[in-house]
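A.B. asks: quick one, what's the 3D model for this:
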Amino acid sequence: MARARTLIAVFALAGALAAVPALASGNARRVVGNCTKSQVRPASIIIACADANLQLTHLKWSSFGGATAAATGSYYVNDCTPDCAAGKFHSYPIRVTLSGAKACKDHFDDYRAASVVFTATRPKGAQTKLGLGCPLPG
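C.D. replies: Coordinates of the predicted model:
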């Protein structure tokens, strides 16, 4: 009986150890859709893919790949004054947390939500909850 329990424990431990690489590779597959491709720990994320008038830039990641990802960086936005073609870009320091990963057609789990905290001045009308999408087809 003791031998049977030992064998069961050995097989359970072997199964648990075999699962570790699978978990690690699952985290490695968590990415950010950046308009046309998914990226791991990108230096920037384009939020407005059509015109790039809103981006999160100079991102320095303190965590990435888990249920959430966290970084500091800049909220880089066009003021669109008098219109977006003639507008000027401004940069504001932020902390950002990504969450809500879901599978995309490229078979990666892309974070789908960004929560932004401005660490200094917040631009007028700036959104603090941003939706992130899957990469657009090429």
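
A.B. asks: could you verify my assumption that Arg41 touches Ser63?
C.D. replies: No - taking contacts as CB atoms under 8 Å, Arg41 lies outside contact range of Ser63: 9.9 Å. No exception for glycine: its C-beta is placed from N, CA and C like everyone else's.

A.B. asks: what lines up beside the host helix or strand of Ser115 in the sheet?
C.D. replies: Assigned by DSSP states H and E, Ser115 falls within strand 113-118. If you go by DSSP bridges, strand 113-118 pairs up with strand 89-99 (antiparallel), strand 129-131 (antiparallel).

A.B. asks: quick check, Val31 in a helix?
C.D. replies: No - the assignment for Val31 is strand, going by DSSP: H, G, I helix; E, B strand; the rest coil, so no helix is present there.

A.B. asks: Phe118 against Gly73, yeah?
C.D. replies: No - counting by CB under 8 Å, Phe118 does not reach Gly73; the two are 11.5 Å apart.

A.B. asks: now do the shared contacts for those two.
C.D. replies: When CB atoms under 8 Å, 6 or more residues apart in numbering defines a contact, the residues bordering Phe118 and Gly73 alike are Pro93, Ile94.

A.B. asks: please say which of those two ends up with more neighbours.
C.D. replies: Using other CB atoms under 10 Å, the more surrounded residue of Phe118 and Gly73 is Gly73, with 22 against 14.

A.B. asks: now that one. Nearest residue, chain neighbours left out?
C.D. replies: Among residues not flanking Gly73 along the chain, Leu59 sits closest, at 4.0 Å (CB to CB, 6 or more residues apart in numbering).
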